[in-house]
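> Structure, please.
(one chain, ligands or ions: 1)
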Amino acid sequence: MSQKVTPWEVKGNVDYDRLIKEFGVSKIDKKILTRIQKHSKTLHPFLRRGIFFAHRDLTFILDEFEKGNKFFLYTGRSPSGNVHIGHMIPWIFTKWLQDVFNVELYFQFPDEEKYLFKNNLSWEDSQKYLHENMLDVIAVGFDPKKTHFIIDTKHANLLYPEAVKVAKKITFSTIKAAFGLKEDSNIGQIFYTAMQAVPAFLPSVLKKKEIPCLIPHAIDQDGHFRVSRDVLPKLGHYKPASIQCRFLPGLGGMHADGKMSASEENTAIYMIDDPATVKKKINKYAFSGGQATVEEHRKKGGNPEVDVAYQWLMFFEKDDKRLEKIYQDYKSGKLLSGELKAILIEKLNVFLAEHQKKREKAKKQIDSFILKA
Ligand code: TRP
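Now for the predicted structure:
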């Protein structure tokens, strides 16, 4: 089975156990879940359901926290298009972590990244999406007093002196091996990982005190932080820890596209989609694990493991009992594919309507989120 997982490309039916081995990350096990639960009363559904499935050094973060040494959170979004429901998964979880541990969040917008890595993204569009994407991030509900947006080109004065220190410790051959870059890759791509490393220690520089860093992110970003973890101790900083999630599959299903893609409109539901669009896309494109006819479905039942509507409900239906009932009813043939899709459509449209309201309000809040330093 072929799979490819890099920060800029995810292909094939992703085998997460294989990724754990290949990347050398640790699986999130019962023991660590119990430790998290000591701080949170209940576990977030993304933890209970294995959506956040791997980590690096999470025990170190918890050890320090329990000693009174608070960490900060770091995550990010490179503007390149409209935000879709897949992008929201790590951010929803990051907000939960911010609330549970009452910690600062540094959120990076590398507005040069996708410009450097995509052929068809103009600088003007990258700036337009920077603005649009910030609204979606604010709408997640992060604490404005504890959340700081870092924009690569706007905070270049802070980032660049630190990025060169990182860059000096990384060779071209390391980058080629980590990211599959080639001789004819543009030179901005080669430097880029140094920029993504900086927010993992910038708060320590600004506060003149080393602070542990925890990075919630989708597993495709791991390459960057593998490199950062080698370099940062050489500069006198902690190795950043991370907690990693799997991808929300696209509408075409796990076998068609490993993750939802913003550039293929019919695989994604965007945060600004209206209810009619959501209904149409799901009914028309969501890969179904149901049988060809109603009679056959009643007899044999559906397959929730491959059914996109069911897979998405695992991300968006918080109630375990309700989810379990949907699973059983679908598997037994009691629930038809169209009925399952209707449940998902209702769920998503409620979620999107709430988001869109908060997104409107966010238009007045951007300034208060941008890092002042
Ligand atoms: N490279 C990420 C993207 O493509 C953006 C990003 C920057 C990021 N810093 C991060 C993601 C830290 C996760 C964690 O969108």
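> so is whatever residue of the stretch 151-300 of the chain ends up closest to the ligand in a helix, a strand, or just coil?
For the stretch 151-300 of the chain, the residue closest to the ligand is His217, as judged by Cβ to the nearest ligand atom, at 3.6 Å. Where you see a C-beta, it was placed from the backbone N, CA and C, and this is true even at glycine. Counting by DSSP: H, G, I helix; E, B strand; the rest coil, the backbone at His217 sits in strand.
> go on, the one 3 residues further on?
When the structure is split into helix, strand and coil by three-state DSSP, Asp220 lands in helix.
> got the contact list for whatever residue of the stretch 1-150 of the chain ends up closest to the ligand?
Going by Cβ to the nearest ligand atom, the ligand is nearest to Gly76 of the stretch 1-150 of the chain, at 2.7 Å. Residues near Gly76 by Cβ atoms under 8 Å, 6 or more residues apart in numbering: Phe107, Gln108, Phe109, Pro110, Gln196, Pro199.
> Tell me which stretches of the stretch 101-250 of the chain form helices.
Along the stretch 101-250 of the chain, counting by DSSP state H, counting those that start in this stretch, helices occupy 113-117, 123-139, 156-168, 172-179, 187-197, 202-207, 222-231.
> any chance of those in TSV, with mean pLDDT, mean neighbour count and distance to Phe247 too?
Compiled in TSV, these are given as follows (pLDDT from 0 to 100; neighbours: other Cβ atoms under 10 Å; distance: least, Cβ to Cβ, whole Å):
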stretch	mean pLDDT	mean neighbour count	distance to Phe247
helix 113-117	97	21	18
helix 123-139	98	19	18
helix 156-168	98	16	27
helix 172-179	94	15	18
helix 187-197	98	20	19
helix 202-207	98	18	28
helix 222-231	98	22	13
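> Show me which residues of the chain are close to the ligand?
Contact residues, the chain versus the ligand (Cβ under 6 Å from any ligand atom): 7, 74-78, 108, 110, 113, 196, 215, 217, 221.
> Try it again at 8 Å.
With Cβ under 8 Å from any ligand atom as the criterion, the chain meets the ligand at residues 7-8, 74-78, 80, 87, 90, 108-110, 113-114, 196, 199, 215-218, 221, 224-225.
> Tell me if I'm right that Ile215 and Phe72 touch.
No. Counting by Cβ atoms under 8 Å, Ile215 does not reach Phe72; the two are 9.9 Å apart.
> Of those two, which one has the most company?
Using other Cβ atoms under 10 Å as the criterion, Ile215 and Phe72 rank with Ile215 on top: 27 against 23.
> The nearest residue to the more buried one once chain neighbours are set aside pairs with what?
Closest residue to Ile215 apart from its sequence neighbours, by Cβ to Cβ, 6 or more residues apart in numbering: Ser242 at 4.3 Å. Legend: beta-bridge partners of Ser242 under DSSP bridges are Arg56, Ile215.
> what about Ser242, neighbour count?
28.
> Verify the stated contact: it with His217.
Yes. In this structure, Ser242 is within contact of His217 by Cβ under 8 Å, at 6.3 Å.
> Give me the common contacts of these two.
Shared contacts of Ser242 and His217, defined by Cβ under 8 Å, 6+ apart, are found at Phe225.
> give me the element the most centrally placed residue in the chain is part of.
A centroid search over the chain (Cα atoms, centre = their mean) returns Pro90, at 3.6 Å, as the residue closest to the centre. Here Pro90, judged by DSSP states H and E, is contained in helix 85-101.
> How about Ala54?
Here Ala54, judged by DSSP H and E, is contained in strand 52-56.
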